[in-house]
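>>> I need the structure of the sequence given here:
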Amino acid sequence: MTSPDSQTADRTPDEAATREAFFAAFGGVRGMVETTVPGLVFVLIFTITREINPAAIGAVSLSALMALARLLRRDSVKHALSGVFGVAFGAAFAMISGDAKNFYLPGMVYTLCLSVAYLLSAAVGWPLLGLLLGPIFRENLSWRTRNPGRKRAYVKSSYVWGGILLAKSAITFPIYFWGDATQLGWLRVALGIPPFLVAVYFTWIILVKAPAPIDVIAEWEAREEAKEAAEKAAKEAAKQPAVGTVDPLPGRGSDAPS
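Next up is the predicted model:
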C-alpha cells in the first residue's frame, strides 16, 4: 500500500511541470499585467481628457515600453509583442472611427472567437488546451492516442476556458452596444485578470489529478541513443576475428595429411 507521503512525492514533479507549463503558455503574472495595464491607461486618460488620441498614444507607448523592457532583459517577448500589436490595432481602430469604444472591440472579438475555438475543439476531441500545452509538456499529441485520461482532462479544461471566455463576452458586448466608452473601459479592466485566474485555477485542479504526460521527446531521445549504441556495438564486433578460426601451421596447407 502506498503511503500518503510517497503519493505526495509522486505528484510533486507533475505539479511542478504543470506550474511551469502554465507560466510558459500564459505568461504568468507579468503577462497578465502586460495585457491589462494598457487598457487601464487608455480608460484613465480618456476619462480625464475625453480625447481619443492622447489615450490611444499613452496605451500604445506603455505597451511598447513593456515589450522593450523584456527585450533588454532577454525575456520571452511573445506575450508582450502580441499585446503591442493588439493595443496598436485597437488604438488605430478607435482613432480612425472616432469612437473610443472601438479601442476595446478587437480584443472583445478575439475573446469571443477564442471561446468558440475552445468549445468546438473540445466537442470534436481536439481540445485547444491540449494543442497549446502538449509541446510545453513534451508530450506533443500523445495524449490523443496513448493517454486517454489526459485527453479527458484537456477536454474538460477547454470547456472551462470556453465557458468563462464566453461569459466574459456575454457581459462586455451589451455594454459595447448600449453603454459608453468609460463604462466599457472600466468593465474590461475589471474582467481582465479575475476570469483568467479562475480558468487557470480550475485547469490546475483538473490537470494535477490527470495522468502524467508521456514525454515523447525523451522516448525519441532514448531510441536514438539505443540505436547509436547498437551501431557502435556492431562496428566493434566487425573489428573482432571470428570465433573458432585457427591460422594453418607454417608450410602446411589446409589439405595436408594429418
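>>> Ignoring the adjacent residues along the chain, who's closest to Arg146?
Nearest residue to Arg146, sequence neighbours excluded (CB to CB, 6 or more residues apart in numbering): Ile214, at 5.7 Å. To be clear about C-beta, it is placed using only N, CA and C from the backbone, and glycine gets the same treatment.
>>> Provide the secondary structure category for the one you found.
Ile214 carries the three-state label coil when classified by DSSP: H, G, I helix; E, B strand; the rest coil.
>>> and if you look at the one 3 residues further on?
Reducing the assignment at Ile217 to three states with three-state DSSP gives helix.
>>> same deal with the one 10 residues further on?
Here Lys227 is helix, with the state taken from three-state DSSP.
>>> how far away is it from Ala234?
Distance, Lys227 to Ala234, by CB to CB, to the nearest Å: 11 Å.
>>> do Ala222 as well
For Ala222, the distance to Ala234 - CB to CB - is 19 Å.
>>> just Trp204 next, same as before
48 Å.
>>> Looking only at neighbour counts, state which of those two leads.
A direct count of neighbours by other CB atoms under 10 Å for Trp204 and Ala234 places Trp204 higher, at 15 against 9.
>>> Let's verify the more buried one: helix, strand, or coil?
helix.
>>> Tell me which residues touch Leu176, please.
That one is not Leu; residue 176 is Tyr. 101, 104-105, 108, 184 (CB atoms under 8 Å, 6 or more residues apart in numbering).
>>> I'd like the average pLDDT over the helix ranked longest in the chain.
Counting residues, the longest helix found in the chain (DSSP state H) is helix 148-178. When pLDDT is averaged over helix 148-178, the result is 95.
>>> and if you look at stretch 235-253?
The model assigns stretch 235-253 a mean pLDDT of 62.
>>> Most neighbours of all the contacts of Tyr176, which one?
Leu184 leads those on contacts (other CB under 10 Å) with 26 neighbours.
>>> Where does that one fall, secondary structure wise?
Using DSSP states H and E, Leu184 sits within helix 181-190.
>>> Helix, strand or coil: sort out Arg138 for me.
The three-state assignment at Arg138 reads coil, by three-state DSSP.
>>> Nice, that's everything, thank you.
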